[in-house]
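In: Turn this into a structure:
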Amino acid sequence: MRETSRLRREERAKPKAPPEAATLLAWYDVSARVLPWRVRGGAKPDPYRVWLSEIMLQQTRVETVLPYYAKFLARWPDVMSLANARQEEVLSAWAGLGYYARARNLHACAKAVVAEFEGNFPEGEDELRRLPGIGAYTSAAISAIAFGKKATPVDGNIERVISRLFAVEEKLPAAKKILARLAAEMTPPHRAGDFAQALMDLGATICTPKRPACAICPWLDACTACARGDQETFPRKTEKAEGKLRKGAAFVVLREGIHILLRTRPEKGLLASMTEVPGSEWSAEYKESTRTAPLAGVKWRKAIGTVRHVFTHFPLELTVYFAGVPEKTPAPHGMRFVPLDALDDEALPSVMRKVIAHALEFIPERKRKGSSK
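Out: Numbers count the residues shown, from 1 in each chain. I've put the predicted structure just below:
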């Protein structure tokens, strides 16, 4: 009797039908998200717009990307104009979007496309992968979406869909090759770009990490995990070790309340070539001190609390010191004073914008002489 019950449970846990690409494409034709880099009705996609969107969307939500995408297109409507821009301009426009190596590679890639391909993106995955900032996923996405080639990009959304569809027990990241193979086997020879975007949309809108809307999923009858009732446990993941907390100091210097002291970070390393206020090294052993302050003979005050920011590999906690200096104070070597109302033109990463905003909260308005946050 128990054996019969077990067999019945196993039979109920099997999907009722195999997943068909045509089923997902029919759903996509009706339910596709309207996004500014997509085209409908048989129109030909613009490879520049597809590439720009894919770079911006790496590890970043669509809602966050949309205003940046519009800003970039308005300023640099094609690859030639972006290639001719200064890197400082590109970094400034990117500021706040995070993962800043993408912005440097974006600019380098535009230059390479102009120099090596006369401004025309190559269509094949192999050629695309040789360009700066384009890896396996992005090359497949551009090749499929922009040029209609039979290629299969696999991002986090697609990994989640495929892992649930086939109940893949292997844990990420080891499971990546298995999931990529399964996704490739399902990719149709025609409409590969639409199929890839349909998988992305399914993962973003229905097959979500928590509380997936399985009842309205076009692949409901084909999903092994859903049939078993454990869909939210997929994909299986190896737990990451949390990075060790690093600490440091940040020094906000205002000259006559309307200029702020800034410098540019080195060309290599974390936040390369971005703008920052002067500060100490970031380390787990940091002890509070003003020994690394950029100006001597200045009365430093410490802002209450700290600024906390989380990078991919470690969390950061900054103690913020602030001070005011007279009008004729020169900037130290390698630094510059910038008007507070011109900060939007600087390539300030999110952590530095947090630091500046935090410091300004403790500077009396009467001493800022009309400055703005």
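In: who's the closest residue in space to residue 310 that isn't next to it in sequence bridged to?
Out: Excluding the flanking residues, the one nearest residue 310 by CB to CB, 6 or more residues apart in numbering is residue 316, at 7.3 Å. In short, each C-beta sits where N, CA and C put it, glycine included. Beta-bridge partners for residue 316, by DSSP bridges, are residue 246, residue 309.
In: How many residues are close by residue 316?
Out: Neighbour count for residue 316, taken as other CB atoms under 10 Å: 18.
In: do the same with residue 201
Out: 20.
In: repeat for residue 172
Out: Using other CB under 10 Å, residue 172 is surrounded by 18 other residues.
In: May I ask you to confirm that it is in contact with residue 235?
Out: Yes - between residue 172 and residue 235 there is a contact under CB atoms under 8 Å: 5.4 Å.
In: joint contacts of these two?
Out: residue 159 (CB atoms under 8 Å, 6 or more residues apart in numbering).
In: where's the residue nearest to residue 310 relative to residue 355, distance?
Out: Residue 316 is 11 Å from residue 355, where distance means CB to CB, to the nearest Å.
In: Likewise for residue 37?
Out: Between residue 37 and residue 355 the computed distance is 33 Å (CB to CB).
In: more crowded one of these two?
Out: residue 355 (25 against 21).
In: how about the more buried one, phi and psi?
Out: phi -60, psi -50 (degrees, to the nearest 10).
In: tell me the contacts of it?
Out: 250, 252, 277, 307, 318, 320 are the contacts of residue 355 under CB under 8 Å, 6+ apart.
In: just the strands in the stretch 151-300 of the chain please.
Out: 246-255, 259-264, 275-276 (DSSP state E, counting those that start in this stretch).
In: Check which helices and strands the first one is in contact with.
Out: The one in question is strand 246-255. Identification of packing neighbours for strand 246-255 by 3 or more CB pairs under 8 Å, 6 or more residues apart in numbering; DSSP states H and E yields strand 259-264, strand 315-325, helix 350-360.
In: roughly how far out does it sit from the chain middle?
Out: 26 Å (CA atoms, centre = their mean, to the nearest Å).
In: Start the count at 40 instead of 1 going forward.
Out: Understood, numbering begins at 40; the last thing we discussed is strand 285-294.
In: now that strand against helix 389-399, angle please.
Out: Per axes from the mean of the first three to the mean of the last three CA atoms, to 10 degrees, the angle that strand 285-294 makes with helix 389-399 is 60 degrees.
In: Output strand 285-294 as PDB, nothing but the C-alphas.
Out: Extracted in PDB, the C-alpha atoms of strand 285-294 (Å, rounded to 0.1, in the frame of the first residue of the first chain):
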ATOM      1  CA  ARG A 285      36.500  47.000   5.600                       C
ATOM      2  CA  LYS A 286      36.700  50.400   7.100                       C
ATOM      3  CA  GLY A 287      38.200  53.700   6.300                       C
ATOM      4  CA  ALA A 288      38.000  57.500   6.500                       C
ATOM      5  CA  ALA A 289      36.500  60.000   4.100                       C
ATOM      6  CA  PHE A 290      37.400  63.800   4.300                       C
ATOM      7  CA  VAL A 291      34.900  66.300   3.000                       C
ATOM      8  CA  VAL A 292      36.500  69.700   2.600                       C
ATOM      9  CA  LEU A 293      34.400  72.800   1.700                       C
ATOM     10  CA  ARG A 294      36.100  76.000   0.600                       C
END
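In: Okay then, goodbye and thanks.
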